[in-house]
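Undergrad: heads up, no residue letters with this:
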(Lines give C-alpha, C1' and ligand atoms only; values in the text may rest on other atoms or scores of the structure.)
Protein backbone atom coordinates (compact mmCIF):
# COMPACT_ATOMS: atom_id res chain seq x y z
CA UNK A 1 0.00 0.00 0.00
CA UNK A 2 2.84 2.40 0.89
CA UNK A 3 4.53 1.69 -2.47
CA UNK A 4 1.28 2.48 -4.27
CA UNK A 5 0.94 5.82 -2.42
CA UNK A 6 4.57 6.69 -3.21
CA UNK A 7 4.01 5.80 -6.88
CA UNK A 8 0.88 7.98 -7.03
CA UNK A 9 2.70 10.90 -5.35
CA UNK A 10 5.55 10.68 -7.87
CA UNK A 11 3.06 10.42 -10.73
CA UNK A 12 1.21 13.54 -9.50
CA UNK A 13 4.51 15.47 -9.31
CA UNK A 14 5.45 14.41 -12.85
CA UNK A 15 2.03 15.38 -14.25
CA UNK A 16 2.16 18.72 -12.39
CA UNK A 17 5.65 19.39 -13.77
CA UNK A 18 4.59 18.60 -17.34
CA UNK A 19 1.50 20.81 -16.97
CA UNK A 20 3.65 23.69 -15.69
CA UNK A 21 6.01 23.34 -18.66
CA UNK A 22 3.08 23.35 -21.06
CA UNK A 23 1.92 26.69 -19.64
CA UNK A 24 5.17 28.63 -20.07
CA UNK A 25 5.00 31.17 -22.90
CA UNK A 26 5.55 29.62 -26.30
CA UNK A 27 6.22 32.04 -29.17
CA UNK A 28 4.07 31.28 -32.22
CA UNK A 29 5.05 34.30 -34.34
CA UNK A 30 8.49 35.94 -34.10
CA UNK A 31 9.25 39.65 -34.66
CA UNK A 32 10.71 40.25 -38.12
CA UNK A 33 13.65 42.43 -39.18
CA UNK A 34 12.74 45.71 -40.84
CA UNK A 35 14.36 48.40 -42.98
CA UNK A 36 12.77 51.86 -42.77
CA UNK A 37 13.51 55.47 -43.65
CA UNK A 38 14.44 58.06 -41.04
CA UNK A 39 11.31 59.90 -39.82
CA UNK A 40 9.09 56.90 -40.74
CA UNK A 41 7.70 54.32 -38.28
CA UNK A 42 8.69 50.73 -37.51
CA UNK A 43 6.50 48.04 -35.99
CA UNK A 44 7.52 44.79 -34.34
CA UNK A 45 5.08 42.21 -33.02
CA UNK A 46 5.09 38.82 -31.35
CA UNK A 47 2.37 36.23 -30.74
CA UNK A 48 2.46 33.53 -28.07
CA UNK A 49 0.55 30.79 -26.30
CA UNK A 50 0.77 30.05 -22.59
CA UNK A 51 -0.94 30.54 -19.27
CA UNK A 52 -2.40 34.01 -18.86
CA UNK A 53 -1.46 36.61 -18.05
CA UNK A 54 1.62 36.87 -20.26
CA UNK A 55 3.90 39.85 -19.67
CA UNK A 56 5.98 41.44 -22.45
CA UNK A 57 9.21 43.41 -22.19
CA UNK A 58 10.79 44.69 -25.41
CA UNK A 59 14.53 45.22 -25.44
CA UNK A 60 17.05 46.96 -27.66
CA UNK A 61 20.52 45.48 -27.58
CA UNK A 62 19.55 43.42 -24.53
CA UNK A 63 18.42 46.44 -22.47
CA UNK A 64 14.76 46.92 -21.50
CA UNK A 65 12.87 49.71 -23.28
CA UNK A 66 10.90 51.71 -20.75
CA UNK A 67 7.13 51.37 -21.23
CA UNK A 68 7.42 48.78 -24.03
CA UNK A 69 5.26 46.11 -22.39
CA UNK A 70 2.75 45.04 -25.05
CA UNK A 71 2.82 42.38 -27.74
CA UNK A 72 3.53 45.07 -30.35
CA UNK A 73 6.31 47.68 -30.32
CA UNK A 74 5.81 50.80 -32.47
CA UNK A 75 8.68 53.23 -32.99
CA UNK A 76 7.65 56.56 -34.56
CA UNK A 77 9.80 59.29 -36.13
CA UNK A 78 12.76 56.94 -36.55
CA UNK A 79 16.26 58.30 -36.18
CA UNK A 80 19.54 56.55 -36.98
CA UNK A 81 20.00 56.01 -33.22
CA UNK A 82 16.94 53.71 -33.30
CA UNK A 83 18.76 51.20 -35.52
CA UNK A 84 19.75 48.04 -33.68
CA UNK A 85 18.75 44.60 -32.44
CA UNK A 86 15.30 44.23 -30.86
CA UNK A 87 13.79 41.26 -29.02
CA UNK A 88 11.05 40.66 -26.46
CA UNK A 89 10.97 38.61 -23.27
CA UNK A 90 7.62 36.98 -22.46
CA UNK A 91 6.90 35.92 -18.88
CA UNK A 92 4.15 34.33 -16.84
CA UNK A 93 3.93 32.46 -13.53
CA UNK A 94 5.28 29.31 -15.17
CA UNK A 95 8.39 30.72 -16.85
CA UNK A 96 9.67 32.86 -19.69
CA UNK A 97 10.62 32.81 -23.37
CA UNK A 98 12.77 35.17 -25.40
CA UNK A 99 12.06 35.92 -29.06
CA UNK A 100 14.55 35.84 -31.88
CA UNK A 101 16.36 39.11 -32.58
CA UNK A 102 14.78 41.43 -35.16
CA UNK A 103 17.21 43.89 -36.72
CA UNK A 104 16.03 47.44 -37.40
CA UNK A 105 17.91 49.27 -40.14
CA UNK A 106 17.23 53.00 -40.50
CA UNK A 107 18.18 54.56 -43.83
CA UNK A 108 18.99 58.23 -43.87
CA UNK A 109 17.73 60.68 -46.45
CA UNK A 110 19.22 63.64 -48.29
CA UNK A 111 17.19 66.84 -47.88
CA UNK A 112 16.22 68.52 -51.15
CA UNK A 113 14.28 71.80 -50.99
CA UNK A 114 11.87 73.03 -53.67
CA UNK A 115 12.72 76.50 -54.95
CA UNK A 116 10.57 76.49 -58.12
CA UNK A 117 12.90 78.96 -59.79
CA UNK A 118 12.25 77.72 -63.35
CA UNK A 119 8.80 76.08 -63.43
CA UNK A 120 6.47 73.76 -61.53
CA UNK A 121 8.14 70.67 -63.08
CA UNK A 122 9.20 68.12 -60.45
CA UNK A 123 11.78 66.69 -62.88
CA UNK A 124 13.60 69.96 -63.63
CA UNK A 125 16.67 69.77 -61.37
CA UNK A 126 17.11 73.55 -61.30
CA UNK A 127 13.82 73.75 -59.33
CA UNK A 128 15.58 72.05 -56.39
CA UNK A 129 18.32 72.96 -53.92
CA UNK A 130 20.76 71.29 -54.27
CA UNK A 131 20.16 70.98 -58.01
CA UNK A 132 19.05 67.37 -58.35
CA UNK A 133 15.74 65.63 -58.94
CA UNK A 134 14.58 63.83 -55.77
CA UNK A 135 14.97 60.07 -55.66
CA UNK A 136 13.09 57.45 -53.66
CA UNK A 137 15.64 57.80 -50.86
CA UNK A 138 15.42 61.59 -50.45
CA UNK A 139 13.64 63.93 -48.06
CA UNK A 140 11.69 66.56 -50.01
CA UNK A 141 10.87 69.94 -48.43
CA UNK A 142 8.18 72.03 -50.13
CA UNK A 143 7.13 75.21 -48.31
CA UNK A 144 6.23 77.59 -51.13
CA UNK A 145 5.38 77.70 -54.83
CA UNK A 146 3.54 75.22 -56.99
CA UNK A 147 4.78 71.71 -57.75
CA UNK A 148 3.35 69.45 -60.43
CA UNK A 149 3.55 65.81 -59.41
CA UNK A 150 3.57 63.27 -62.23
CA UNK A 151 4.09 59.51 -62.38
CA UNK A 152 7.60 58.82 -61.18
CA UNK A 153 7.67 61.64 -58.61
CA UNK A 154 9.43 59.89 -55.73
CA UNK A 155 10.54 60.54 -52.16
CA UNK A 156 11.19 58.79 -48.86
CA UNK A 157 9.90 61.71 -46.77
CA UNK A 158 7.99 64.79 -47.93
CA UNK A 159 7.49 67.79 -45.65
CA UNK A 160 4.78 69.94 -47.22
CA UNK A 161 3.82 73.20 -45.51
CA UNK A 162 3.23 76.92 -45.81
CA UNK A 163 1.86 78.38 -49.04
CA UNK A 164 2.88 75.48 -51.26
CA UNK A 165 0.53 74.00 -53.82
CA UNK A 166 0.62 70.43 -55.14
CA UNK A 167 -0.90 69.51 -58.49
CA UNK A 168 -1.43 66.01 -59.83
CA UNK A 169 -1.28 62.77 -57.86
CA UNK A 170 1.33 60.91 -55.89
CA UNK A 171 1.55 57.45 -54.37
CA UNK A 172 3.01 57.37 -50.87
CA UNK A 173 4.95 54.09 -50.86
CA UNK A 174 4.97 51.70 -47.94
CA UNK A 175 7.48 52.99 -45.35
CA UNK A 176 7.45 56.48 -46.93
CA UNK A 177 6.18 59.51 -45.01
CA UNK A 178 4.12 62.53 -46.08
CA UNK A 179 4.01 65.31 -43.45
CA UNK A 180 1.47 67.95 -44.39
CA UNK A 181 1.09 71.00 -42.16
CA UNK A 182 -0.54 74.36 -42.52
CA UNK A 183 -3.38 76.45 -41.12
CA UNK A 184 -2.63 75.08 -37.65
CA UNK A 185 -3.28 71.48 -38.70
CA UNK A 186 -0.86 68.64 -39.29
CA UNK A 187 -1.51 65.46 -41.24
CA UNK A 188 0.48 62.30 -41.83
CA UNK A 189 -0.87 60.16 -44.66
CA UNK A 190 0.19 56.75 -45.91
CA UNK A 191 -1.49 55.27 -48.94
CA UNK A 192 -2.52 57.12 -52.11
CA UNK A 193 -2.80 60.89 -51.95
CA UNK A 194 -4.67 62.67 -54.72
CA UNK A 195 -4.73 66.40 -55.47
CA UNK A 196 -6.74 68.02 -58.28
CA UNK A 197 -4.44 68.85 -61.17
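TA: It's in. Source: prediction; values computed, not measured.
Undergrad: check contacts around the most centrally placed residue in the chain.
TA: By Cα atoms, centre = their mean, the chain has its centre lying nearest to residue 42, at 0.9 Å. Residue 42 sits next to 34, 36, 74, 75, 78, 82, 104 when contact means Cβ atoms under 8 Å, 6 or more residues apart in numbering. Just so you know, the C-beta spots here come from the backbone N, C-alpha and C atoms, and that holds for glycine as well.
Undergrad: Please name the bridge partners of it.
TA: With DSSP bridges applied, residue 42 shows beta-bridge pairing to residue 75.
Undergrad: Please report how far it lies from residue 74.
TA: 7 Å (Cβ to Cβ, to the nearest Å).
Undergrad: Assign a three-state SS to residue 144, would you?
TA: State at residue 144, reduced to three classes by DSSP: H, G, I helix; E, B strand; the rest coil: coil.
Undergrad: my read: it touches residue 120, true?
TA: No: with contact taken as Cβ atoms under 8 Å, residue 144 and residue 120 are classed as non-touching, separated by 11.9 Å.
Undergrad: about what we covered before: secondary structure added to the contacts of residue 42, as CSV?
TA: Formatted as CSV, the contacts of residue 42 follow (three-state DSSP):
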residue, secondary structure
34, strand
36, strand
74, strand
75, strand
78, coil
82, helix
104, strand
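Undergrad: picking that back up, which one of residue 144 and residue 120 has more residues nearby?
TA: Each of residue 144 and residue 120 has its neighbours counted (other Cβ atoms under 10 Å); residue 120 has more, 17 against 14.
Undergrad: Nice, that's everything, thank you.
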